[in-house]
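In: pasting a predicted model and its sequence here:
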Amino acid sequence: MITAEQKPIQEIIQYIAPYSRILLVGCNECVTVCAAGGRKEVGLLASALHLSHLKQGKNIDIREITLERQCDPEYVEELAPYIDGVDAVVSMACGCGVQTIAGRFKKTPVFPAVNTRFMGASLSQGVWAERCKGCGDCVLGITGGVCPVARCSKHLFNGPCGGTSHGQCEVSQDIDCAWRLIWERLKELGLESRYEELMEAKDWRPGGAGGPGTIIREDLA
Amino acid sequence: MEHFEPEIVAFCCHYCAYTAADMAGSKRISYPSNVKIIRVPCSGKVDAIHLMKALEKGADGVYVAGCLAGDCHFKNGNVRAEARVNRVKKMLTELGWEPDRVAMFNMSAGMGEAFARIAKEFTETIQKLGPSPVKTGAVNQAAS
């Protein structure tokens, strides 16, 4: 899923300072799972903004709504009845959601309330780790299910660099060397020979180097 | 300075603090009437939004009282409650509010004296902090 973290409250307060009627929009998908922008977080942020304004003796009108998905126009359309009654929208979805709202409602400013971080997996309650870079040409089938693009700090394709030390990455002792993990996994699978196969230079165009990506499924479009 | 009687909301776990409050009553130990108790099935039931809403509606202080470490009826509700209280403290700090307006306490069902002492001490802490910014903000705005 796409992970995100709430922005510092003061940054959000600065965004909405000129406005008095706010539509605060959460998303029921990824940001709900990573506890950054679901219904619960919408309530909490609204309450925090109220406390901030009440301290200054001011009132702010905040309408809370959480959409099923903010990255689909069908769901974003549900905001249409409310949009004329607000001065600004604050979105707690990932960047995709913010842009979908901004694209649909041209005259209303939209501000992000979260920083979108990465595509990650949950390691345990409250802990998420980056697992995919969306490189557009998945190699997990030949690297034993451990991604060298997302998990090697240098995105190396043919074994570890000289910075690996006792199985950890030189960037941080908290980061496992992806190529140590790949080697261990290949050994467990009895596929050590695969390690010897050289991988050619990667074509990074599908992963973003070729400009913003688009997928068109003609059977669906 | 005008005497200030704070309004305090205490979320009390049914299995410990709420019974401790009852125990204080049985033993005729008085505690400040400023503390308004809300019984919850476990301190882990108290979410950050409950603390925030209490403050938003004008409470001068809010605390959660749960079981002693390791004694939670539901394993770790008290640990979760403490993490949420700490999160709200951090949020209040970012908002320029005094983080000491929220607190977490632990006690057992038999600690009636401790319940009364904590209620008294927390009331004194809030008295020192003064009225909630929700009240002072409105007054300051009216005066300006």
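Out: Received the coordinates, thanks.

In: any idea how far the helix or strand hosting residue A:149 is from the middle of the chain?
Out: Residue A:149 is located in helix A:148-151, with elements delineated by DSSP states H and E. A distance of 16 Å separates the centroid of the chain from that of helix A:148-151, by Cα atoms, centre = their mean, to the nearest Å.

In: need the CA coordinates for that helix. PDB is fine.
Out: Written as PDB, here are the backbone C-alpha positions of helix A:148-151 (Å, rounded to 0.1, in the frame of the first residue of the first chain):
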ATOM      1  CA  PRO A 148      17.100  -4.900  -4.900                       C
ATOM      2  CA  VAL A 149      15.500  -1.700  -6.200                       C
ATOM      3  CA  ALA A 150      13.600  -0.900  -3.100                       C
ATOM      4  CA  ARG A 151      15.800  -2.500  -0.400                       C
END
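
In: let me see the mean pLDDT of that helix.
Out: In this model, helix A:148-151 has an average pLDDT of 97.

In: ok, now which ones touch the nearest residue to residue B:66 once chain neighbours are set aside?
Out: Excluding the flanking residues, the one nearest residue B:66 by Cβ to Cβ, 6 or more residues apart in numbering or on different chains is residue B:43, at 2.9 Å. Backbone N, C-alpha and C define where each C-beta goes, glycine included. Residue B:43 is in contact with B:11, B:13, B:17, B:64-67, B:72, B:77-78, B:80-81, B:104, counting by Cβ atoms under 8 Å, 6 or more residues apart in numbering or on different chains.

In: which bits of chain B sit near chain A?
Out: B:47-49, B:52-53, B:55-56, B:91-92, B:94-97, B:133-134, B:136-142, B:144 (Cβ under 8 Å from any Cβ of the partner chain).

In: buried subset of these, written for ChimeraX?
Out: If you want just the buried ones from the residues of chain B next to chain A in ChimeraX, going by 16 or more other Cβ atoms under 10 Å in any protein chain shown, the selection is:
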select /B:47,48,49,52,53,55,56,91,92,95,97,133,134,137,138
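
In: give me the pLDDT for residue 26.
Out: If you meant another chain, say so; for now it's chain A. Turning to residue A:26, the model gives it a pLDDT of 98.

In: try again with chain B
Out: As predicted, residue B:26 sits at a pLDDT of 95.

In: now swap in residue B:1 and tell me
Out: According to the prediction, residue B:1 has pLDDT 51.

In: now do the buried residues in stretch A:105-112.
Out: Neighbour-count burial for stretch A:105-112, counted by 16+ other Cβ under 10 Å, picks out A:105, A:108, A:110-112.

In: got the end-to-end distance for that stretch?
Out: 15 Å (Cα to Cα, to the nearest Å).

In: which residues are contacting it?
Out: So stretch A:105-112 is contacted by A:7, A:12, A:15-16, A:19, A:79-80, A:83, A:86-91, A:95, A:98, A:101-102 (Cβ under 8 Å, 6+ apart).

In: for ChimeraX, write a command that selects the buried ones of the residues you listed.
Out: To isolate the buried ones among the contacts of stretch A:105-112 in ChimeraX, judged by 16+ other Cβ under 10 Å, type:
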select /A:7,12,15,16,19,79,86,88,89,90,91,98,101,102
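
In: of the contacts of stretch A:105-112, which belong to strands?
Out: Among these, the members found in strands (DSSP state E) are A:88-91.

In: just the strands in chain A please.
Out: Going by DSSP E, chain A shows strands at A:2-6, A:21-27, A:61-67, A:88-91, A:110-112, A:114-124, A:127-132.

In: these: which one's closest to residue A:148?
Out: strand A:127-132 (11.7 Å; Cβ to Cβ).

In: and the residue nearest the centre of chain B, what element?
Out: The centroid of chain B falls nearest to residue B:63 when counting by Cα atoms, centre = their mean (1.6 Å). For residue B:63, the element it lies in under DSSP H and E is strand B:61-66.

In: just give me how far the following helix or strand past that strand sits from the chain centre.
Out: Sequence order places helix B:77-94 as the next helix or strand after strand B:61-66, per DSSP H and E. The chain centre lies 12 Å from the centre of helix B:77-94; the measure is Cα atoms, centre = their mean.

In: in chain A, which residue sits nearest chain B?
Out: As assessed by Cβ to the nearest Cβ, chain B sits closest to residue A:57 within chain A, at 2.5 Å.

In: can you give me the buried ones in stretch B:103-116?
Out: Within stretch B:103-116, the residues that qualify as buried are B:103-109, B:111-112, B:114-116, counting by 16+ other Cβ under 10 Å.

In: enumerate the residues of chain A near chain B.
Out: Counting by Cβ under 8 Å from any Cβ, the residues of chain A near chain B are A:8-10, A:40, A:43-44, A:47-48, A:50-52, A:54-58.

In: what's the spacing between residue A:133 and residue B:98?
Out: 43 Å (Cβ to Cβ, to the nearest Å).

In: returning to what we had before: was I right about the residue nearest to the centre of chain B contacting residue B:11?
Out: Yes - counting by Cβ atoms under 8 Å, residue B:11 is a contact partner of residue B:63 at 7.3 Å.

In: could you list which of the buried residues of stretch B:103-116 belong to helices?
Out: B:112, B:114-116 (DSSP state H).

In: tell me the angle of the lengthiest helix in chain A relative to helix B:77-94?
Out: Identified as the longest helix of chain A according to DSSP H is helix A:39-55. Angle, helix A:39-55 to helix B:77-94, by axes from the mean of the first three to the mean of the last three Cα atoms, to 10 degrees: 40 degrees.

In: quick check: buried residues in helix A:39-55?
Out: Within helix A:39-55, the residues scored as buried using 16+ other Cβ under 10 Å are A:41-55.

In: contacts for that helix?
Out: A:6, A:9, A:12-13, A:16, A:22, A:24-26, A:28, A:31-32, A:35, A:59-60, A:62, A:64-66, A:90, A:92, A:113, B:47-49, B:52-53, B:55-56, B:91-92, B:95-97, B:133-134, B:136-138.
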